[in-house]
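Novice: no sequence for this one, just the structure:
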């Protein structure tokens, strides 16, 4: 049963930041990620024109600044490059395809017991357990796309997609689009759509 001082669940920016701090202090840790890459929300589920909506100074990960050449509002491509450089600098090695099923504290051994399902193609469905003195949950608030049940949606003949599958407004040229929801993703999609329409006129 693998054991470390700290178990970190989630290899998004927050999980990477924790791993960077632990690496710098030479504290042994395990970083568990259910996807096949770190920062999957940025690398796999975000649209092409995405930018940080806060100034770069408040979005830096610990102990590593953005390059001075980066603009104030960092675009997706440069942010991913920054994360790549951060991972390389701190030699962060997440354990991928680990879907955490449960975490409980064992009073007897004074350790967290984290149970996962390994979904790697060579170990698919294999159950694993990890031990750690401390547990950090860095899964974020947008881990699972949610599409509500809407009456009549199953008979709708048009395309339906969640915002995590949206990449560019170009594919919707000359089409009518309905955006459902008023969270950050919806407002950004509307802004992109309006910008595209203005450019195409």
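Specialist: Perfect, I can see it now. No experiment lies behind these values; they were computed from the predicted model shown.

Novice: please make it C-alpha for all contacts and neighbour counts, starting now.
Specialist: Noted.

Novice: and stretch 87-99, how far from the chain's centre?
Specialist: Remark: stretch 87-99 is offset 13 Å from the chain centroid, using C-alpha atoms, centre = their mean, to the nearest Å.

Novice: mind listing what's buried in that stretch?
Specialist: Residues of stretch 87-99 classed as buried by neighbour count (16 or more other C-alpha atoms under 10 Å): 87, 90, 92, 94-99.

Novice: so how far is residue 18 from the closest residue to residue 39 other than its chain neighbours?
Specialist: Using C-alpha to C-alpha, 6 or more residues apart in numbering and skipping residues adjacent in sequence, the residue nearest residue 39 is residue 12, 4.1 Å away. From residue 12 across to residue 18, the span is 10 Å (C-alpha to C-alpha, to the nearest Å).

Novice: now do residue 137
Specialist: From residue 137 to residue 18 the distance is 10 Å (C-alpha to C-alpha).

Novice: just residue 70 next, same as before
Specialist: Distance of residue 70 to residue 18, computed by C-alpha to C-alpha: 23 Å.

Novice: okay, these two: which has more neighbours?
Specialist: residue 18 (20 against 13; other C-alpha atoms under 10 Å).

Novice: host element of the more buried one?
Specialist: Per DSSP states H and E, residue 18 falls inside helix 13-24.

Novice: what's the burial count for residue 43?
Specialist: 15.

Novice: how about the contacts made by it?
Specialist: Each residue near residue 43 by C-alpha atoms under 8 Å, 6 or more residues apart in numbering is listed here: residue 80.

Novice: which residues in this protein form helices?
Specialist: Using DSSP state H, the helices of the chain run over 13-24, 40-43, 76-89, 184-200.

Novice: lowest average pLDDT across these?
Specialist: Least confident of the helices of the chain, judged by mean pLDDT, is helix 184-200 with a mean of 55.

Novice: and the buried residues of stretch 87-99, which two are the farthest apart?
Specialist: Spatially, the most separated pair among the buried residues of stretch 87-99 is 90 and 99, at 23.8 Å (C-alpha to C-alpha).

Novice: tell me the pLDDT at the residue nearest to residue 39?
Specialist: So, for residue 12, pLDDT stands at 96.
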